[in-house]
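*Asks:* Give me a 3D structure for the following:
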Amino acid sequence: MPRLPLIQNETASPRAQELLAGVQKKLGLVPNMTRVLAHSPAALEGYLAFGGALATGTLSAAVREELALVVGETHGCGYCLSAHTAIGKKVGLKEDAILDARRGRSKDPKTNALLVLARTIALKRGELTDADLRTAREAGVSDAEIVEVVGAVALNVYTNWLNHVAATPIDFPEVKPGVPAADTHATSCATGACGA
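*Replies:* Numbers count the residues shown, from 1 in each chain. Next up, the predicted model:
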């Protein structure tokens, strides 16, 4: 049962109605999380603006979904894992890439570095070492990408925590936190030794 009610279009403030209509137009639906955010049109607008701005950056839609998955798994957010698994599939992620992202790894070396960086930022609350940044840079991660990864982590921490606080009902095919153990191929890819 949600701890914050879902704002319906007819009971939303005029600004929230306008923002929810924009979400409906863009996604074809209004996810429950945005209905929770609609309690504060300022919070909803900020979330949409920040996500929209990051979408114009250097990271692809698929990578942004992979980042959302690793942060959602790190914080045990079933709502975000469910939403970003569904959205990830829509932007072309296959099931194995989704599971690997939740584990904080990828068969692609650069994406792997981005996911390791995001998970490290989430776990260390941004208190990275020089070695953490050096490892990312040696894998080809640019300073712009580092900044965008921090932004993606921050945006996803916000939604993870909001969904925990609100107990937002999941309105996507449900994905529970707790990814199964990786096989040896995925494990070797995380260390850059898979050759795939």
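
*Asks:* C-terminal to the strand or helix carrying Ala21, what's the next element?
*Replies:* Assigned by DSSP states H and E, Ala21 falls within helix 14-27. Per DSSP H and E, the first helix or strand lying C-terminal to helix 14-27 is helix 32-37.

*Asks:* Packing partners of that next one?
*Replies:* If contacts are counted by 3 or more CB pairs under 8 Å, 6 or more residues apart in numbering; DSSP states H and E, helix 32-37 sits against helix 14-27, helix 41-54, helix 78-90, helix 143-166. In this view, the C-beta of every residue, glycine as well, is placed from N, C-alpha and C.

*Asks:* got the contact list for that helix?
*Replies:* The contact list for helix 32-37 (CB atoms under 8 Å, 6 or more residues apart in numbering) reads 2, 4, 6-8, 19-20, 23, 43-44, 47, 79, 83, 159, 162-163, 166, 168-171.

*Asks:* Tell me which residues touch Ala43, please.
*Replies:* Contacts here follow CB under 8 Å, 6+ apart; on that basis Ala43 touches Leu37.

*Asks:* Check it and give its pLDDT.
*Replies:* pLDDT, the model's per-residue confidence, is 98 for Ala43.

*Asks:* Identify the residues contacting Tyr158.
*Replies:* Residues near Tyr158 by CB under 8 Å, 6+ apart: Tyr47.

*Asks:* Where do the domain boundaries of this protein fall?
*Replies:* As given by automatic domain parsing, the domain ranges for the chain are 1-56, 60-190.

*Asks:* among those, which is the most enclosed?
*Replies:* Most buried of those, by mean neighbour count (mean count of other CB atoms under 10 Å): domain 60-190, with a mean of 19.

*Asks:* Residue nearest the middle of the protein, spatially speaking?
*Replies:* Ala68 (1.5 Å; CA atoms, centre = their mean).

*Asks:* Now do the SS call for it.
*Replies:* helix (DSSP: H, G, I helix; E, B strand; the rest coil).

*Asks:* excluding its backbone neighbours, what's nearest it?
*Replies:* Excluding the flanking residues, the one nearest Ala68 by CB to CB, 6 or more residues apart in numbering is His84, at 4.1 Å.

*Asks:* what about this protein, any weak spots by pLDDT?
*Replies:* The chain contains residues with pLDDT under 70 at 181-196.

*Asks:* Can you tell me which of the helices and strands packed on helix 32-37 is nearest to Gly104?
*Replies:* Closest of the helices and strands packed on helix 32-37 to Gly104 is helix 143-166, at 12.0 Å (criterion: CB to CB).

*Asks:* could you give the angle of that closest one to helix 41-54?
*Replies:* Calculated by axes from the mean of the first three to the mean of the last three CA atoms, to 10 degrees, helix 143-166 forms an angle of 150 degrees with helix 41-54.
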